[in-house]
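Asks: Using only what follows, build the 3D model:
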Amino acid sequence: MKRNYSVTSYRQHHVRIWVSSPHNATGYYTVYGEEALHADHFNTKLSFGDTQTVWARTGYLGFLRRTDLTDASGERHDALYVVGSLDETLELRGMRYHPIDIETSVIRSHKSIAECAVFTWTNLLVVVVELEGSEQEALDLVALVTNVVLEEHYLIVGVVVVVDPGVIPINSRGEKQRMHLRDGFLADQLDPIYVAYNM
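Replies: Numbers count the residues shown, from 1 in each chain. The predicted model follows:
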(Lines give C-alpha, C1' and ligand atoms only; values in the text may rest on other atoms or scores of the structure.)
Protein backbone atom coordinates (compact mmCIF):
# COMPACT_ATOMS: atom_id res chain seq x y z
CA MET A 1 0.00 0.00 0.00
CA LYS A 2 1.54 3.29 -1.05
CA ARG A 3 1.06 6.30 1.17
CA ASN A 4 1.91 9.83 0.24
CA TYR A 5 3.74 12.01 2.71
CA SER A 6 3.92 15.74 2.47
CA VAL A 7 6.30 17.93 4.35
CA THR A 8 5.78 21.63 4.84
CA SER A 9 8.83 23.75 5.61
CA TYR A 10 9.47 24.02 9.33
CA ARG A 11 12.80 25.43 10.44
CA GLN A 12 15.84 23.84 8.96
CA HIS A 13 15.51 20.24 10.12
CA HIS A 14 11.94 19.40 11.05
CA VAL A 15 8.84 19.41 8.91
CA ARG A 16 5.13 19.00 9.56
CA ILE A 17 3.90 15.57 8.57
CA TRP A 18 0.78 15.30 6.39
CA VAL A 19 -0.52 11.94 5.17
CA SER A 20 -2.66 11.04 2.16
CA SER A 21 -3.98 7.48 2.12
CA PRO A 22 -7.24 5.64 1.44
CA HIS A 23 -7.12 4.79 5.16
CA ASN A 24 -7.12 8.39 6.42
CA ALA A 25 -9.72 9.06 9.09
CA THR A 26 -12.44 11.64 8.53
CA GLY A 27 -12.55 12.86 12.13
CA TYR A 28 -12.31 11.97 15.80
CA TYR A 29 -14.93 10.04 17.75
CA THR A 30 -16.10 11.58 21.00
CA VAL A 31 -16.86 9.60 24.15
CA TYR A 32 -20.50 9.64 23.05
CA GLY A 33 -19.71 7.86 19.79
CA GLU A 34 -20.37 10.90 17.61
CA GLU A 35 -17.86 11.78 14.96
CA ALA A 36 -16.43 15.24 15.56
CA LEU A 37 -15.08 16.48 12.25
CA HIS A 38 -12.13 18.80 12.09
CA ALA A 39 -11.88 19.85 8.46
CA ASP A 40 -8.61 21.67 9.04
CA HIS A 41 -6.97 18.41 10.20
CA PHE A 42 -8.63 15.76 8.07
CA ASN A 43 -9.55 17.50 4.83
CA THR A 44 -6.63 19.75 3.92
CA LYS A 45 -5.43 20.60 0.43
CA LEU A 46 -2.25 22.32 -0.69
CA SER A 47 -2.57 25.86 -2.01
CA PHE A 48 0.10 25.19 -4.66
CA GLY A 49 1.31 22.22 -6.69
CA ASP A 50 -1.10 19.28 -6.37
CA THR A 51 -4.19 21.11 -5.13
CA GLN A 52 -6.54 18.11 -5.57
CA THR A 53 -5.07 15.56 -3.13
CA VAL A 54 -6.73 15.49 0.29
CA TRP A 55 -4.30 15.37 3.22
CA ALA A 56 -4.62 14.67 6.93
CA ARG A 57 -2.44 16.85 9.13
CA THR A 58 -0.97 14.58 11.80
CA GLY A 59 0.17 17.29 14.21
CA TYR A 60 3.64 15.71 14.34
CA LEU A 61 7.04 16.89 13.19
CA GLY A 62 9.60 14.76 11.43
CA PHE A 63 12.29 14.64 8.79
CA LEU A 64 13.17 12.56 5.74
CA ARG A 65 16.54 10.86 5.51
CA ARG A 66 18.01 8.66 2.77
CA THR A 67 18.61 5.14 4.10
CA ASP A 68 20.58 2.12 2.95
CA LEU A 69 17.36 0.14 2.86
CA THR A 70 15.98 -0.86 -0.51
CA ASP A 71 12.44 -1.31 -1.77
CA ALA A 72 11.11 -4.21 -3.88
CA SER A 73 12.74 -2.77 -7.01
CA GLY A 74 16.15 -2.65 -5.31
CA GLU A 75 16.32 1.15 -5.10
CA ARG A 76 17.28 2.99 -1.92
CA HIS A 77 14.50 5.00 -0.35
CA ASP A 78 13.91 7.74 2.18
CA ALA A 79 12.65 6.99 5.68
CA LEU A 80 10.34 9.26 7.64
CA TYR A 81 11.51 9.85 11.22
CA VAL A 82 8.89 11.20 13.62
CA VAL A 83 10.40 13.69 16.07
CA GLY A 84 7.41 14.68 18.20
CA SER A 85 4.25 16.68 18.47
CA LEU A 86 3.88 20.17 17.04
CA ASP A 87 2.06 21.12 20.27
CA GLU A 88 5.28 20.60 22.24
CA THR A 89 7.29 23.16 20.29
CA LEU A 90 8.59 26.27 22.01
CA GLU A 91 8.22 29.71 20.49
CA LEU A 92 11.16 31.97 21.22
CA ARG A 93 12.28 35.10 19.35
CA GLY A 94 9.58 34.50 16.72
CA MET A 95 10.87 31.01 15.89
CA ARG A 96 9.77 27.55 16.99
CA TYR A 97 12.11 25.02 18.54
CA HIS A 98 11.48 21.43 19.47
CA PRO A 99 12.40 20.65 23.09
CA ILE A 100 14.10 17.36 22.21
CA ASP A 101 16.79 19.19 20.21
CA ILE A 102 17.69 21.48 23.12
CA GLU A 103 17.43 18.69 25.70
CA THR A 104 19.73 16.42 23.69
CA SER A 105 22.36 19.16 23.50
CA VAL A 106 22.17 19.73 27.25
CA ILE A 107 22.38 16.03 28.15
CA ARG A 108 25.46 15.62 25.94
CA SER A 109 27.20 18.56 27.63
CA HIS A 110 28.10 16.74 30.87
CA LYS A 111 28.22 13.15 32.12
CA SER A 112 26.51 14.09 35.41
CA ILE A 113 23.30 15.20 33.68
CA ALA A 114 20.90 12.25 33.93
CA GLU A 115 17.90 13.90 32.27
CA CYS A 116 16.79 17.30 31.03
CA ALA A 117 13.53 19.03 30.18
CA VAL A 118 12.87 22.51 28.81
CA PHE A 119 9.85 24.82 28.72
CA THR A 120 9.12 28.52 28.47
CA TRP A 121 8.08 30.88 31.24
CA THR A 122 7.27 34.52 30.47
CA ASN A 123 9.23 34.32 27.20
CA LEU A 124 12.24 32.85 28.98
CA LEU A 125 13.73 29.44 28.27
CA VAL A 126 13.81 27.34 31.43
CA VAL A 127 16.14 24.33 31.50
CA VAL A 128 15.66 21.72 34.23
CA VAL A 129 18.51 19.22 34.62
CA GLU A 130 18.64 16.17 36.84
CA LEU A 131 22.06 15.92 38.49
CA GLU A 132 23.55 12.48 38.94
CA GLY A 133 26.58 13.37 40.98
CA SER A 134 27.72 15.57 43.83
CA GLU A 135 25.89 18.77 44.68
CA GLN A 136 29.16 20.66 44.23
CA GLU A 137 28.80 20.09 40.46
CA ALA A 138 25.48 21.97 40.35
CA LEU A 139 27.11 25.39 40.01
CA ASP A 140 29.41 24.15 37.23
CA LEU A 141 26.45 22.82 35.26
CA VAL A 142 24.90 26.28 34.91
CA ALA A 143 27.71 27.63 32.73
CA LEU A 144 27.86 24.42 30.68
CA VAL A 145 24.11 24.40 30.05
CA THR A 146 23.87 28.06 29.09
CA ASN A 147 26.91 27.82 26.80
CA VAL A 148 25.79 24.70 24.91
CA VAL A 149 22.30 26.11 24.30
CA LEU A 150 23.76 29.39 23.08
CA GLU A 151 26.35 27.73 20.83
CA GLU A 152 24.11 25.06 19.31
CA HIS A 153 20.70 26.79 19.21
CA TYR A 154 21.54 30.52 19.49
CA LEU A 155 19.19 30.85 22.47
CA ILE A 156 19.77 32.52 25.82
CA VAL A 157 18.72 30.41 28.79
CA GLY A 158 16.64 32.43 31.25
CA VAL A 159 16.61 29.96 34.15
CA VAL A 160 18.62 26.83 34.95
CA VAL A 161 17.12 24.55 37.61
CA VAL A 162 19.29 21.71 38.94
CA VAL A 163 17.27 18.94 40.63
CA ASP A 164 17.72 15.41 41.93
CA PRO A 165 17.15 12.42 39.60
CA GLY A 166 13.51 11.44 39.14
CA VAL A 167 12.04 14.95 39.50
CA ILE A 168 11.16 15.36 35.80
CA PRO A 169 7.75 13.65 35.45
CA ILE A 170 7.45 10.86 32.87
CA ASN A 171 4.15 9.28 31.77
CA SER A 172 3.46 5.58 31.24
CA ARG A 173 4.63 5.85 27.60
CA GLY A 174 8.01 7.23 28.66
CA GLU A 175 7.21 10.78 27.50
CA LYS A 176 8.33 13.81 29.49
CA GLN A 177 5.47 15.75 31.05
CA ARG A 178 6.90 19.23 30.47
CA MET A 179 3.72 21.10 31.37
CA HIS A 180 3.47 19.26 34.72
CA LEU A 181 7.10 20.16 35.32
CA ARG A 182 6.35 23.78 34.45
CA ASP A 183 3.41 23.78 36.89
CA GLY A 184 5.69 22.38 39.62
CA PHE A 185 8.28 25.07 38.87
CA LEU A 186 5.71 27.86 39.07
CA ALA A 187 4.29 26.44 42.31
CA ASP A 188 7.83 26.17 43.79
CA GLN A 189 7.43 22.40 44.26
CA LEU A 190 10.59 21.09 42.56
CA ASP A 191 12.84 21.26 45.66
CA PRO A 192 15.85 22.27 43.55
CA ILE A 193 19.49 21.77 44.44
CA TYR A 194 20.35 25.05 42.71
CA VAL A 195 18.52 27.67 40.64
CA ALA A 196 20.23 30.29 38.47
CA TYR A 197 18.28 33.18 36.94
CA ASN A 198 19.74 34.99 33.93
CA MET A 199 17.20 37.78 33.57
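
Asks: in this protein, which spans are helices?
Replies: Secondary structure of the chain (DSSP state H): helices at 39-42, 99-109, 137-153, 178-186.

Asks: Which parts of this structure belong to which domain?
Replies: 4-86, 90-197 (automatic domain parsing).

Asks: highest average neighbour count across these?
Replies: Comparing the domains of the chain by mean neighbour count (mean count of other C-beta atoms under 10 Å), domain 90-197 ranks first with a mean of 17. Placement of C-beta: from N, CA and C, glycine included.

Asks: I'd like the distance from it to the chain centre, please.
Replies: Offset of domain 90-197 from its chain centre (C-alpha atoms, centre = their mean, to the nearest Å): 13 Å.

Asks: what is the mean pLDDT for that domain?
Replies: Taken as a whole, domain 90-197 carries a mean pLDDT of 91.

Asks: can you check stretch 22-35 too?
Replies: Rounded mean pLDDT across stretch 22-35 is 65.

Asks: Please apply the same query to stretch 58-78.
Replies: For stretch 58-78, the per-residue pLDDT averages 81.

Asks: what pairs with the longest strand along the chain, and is each one parallel or antiparallel?
Replies: If you go by DSSP state E, the chain has its longest strand at strand 56-70. Strand 56-70 pairs in its sheet with strand 15-20 (antiparallel), strand 76-85 (antiparallel), by DSSP bridges.
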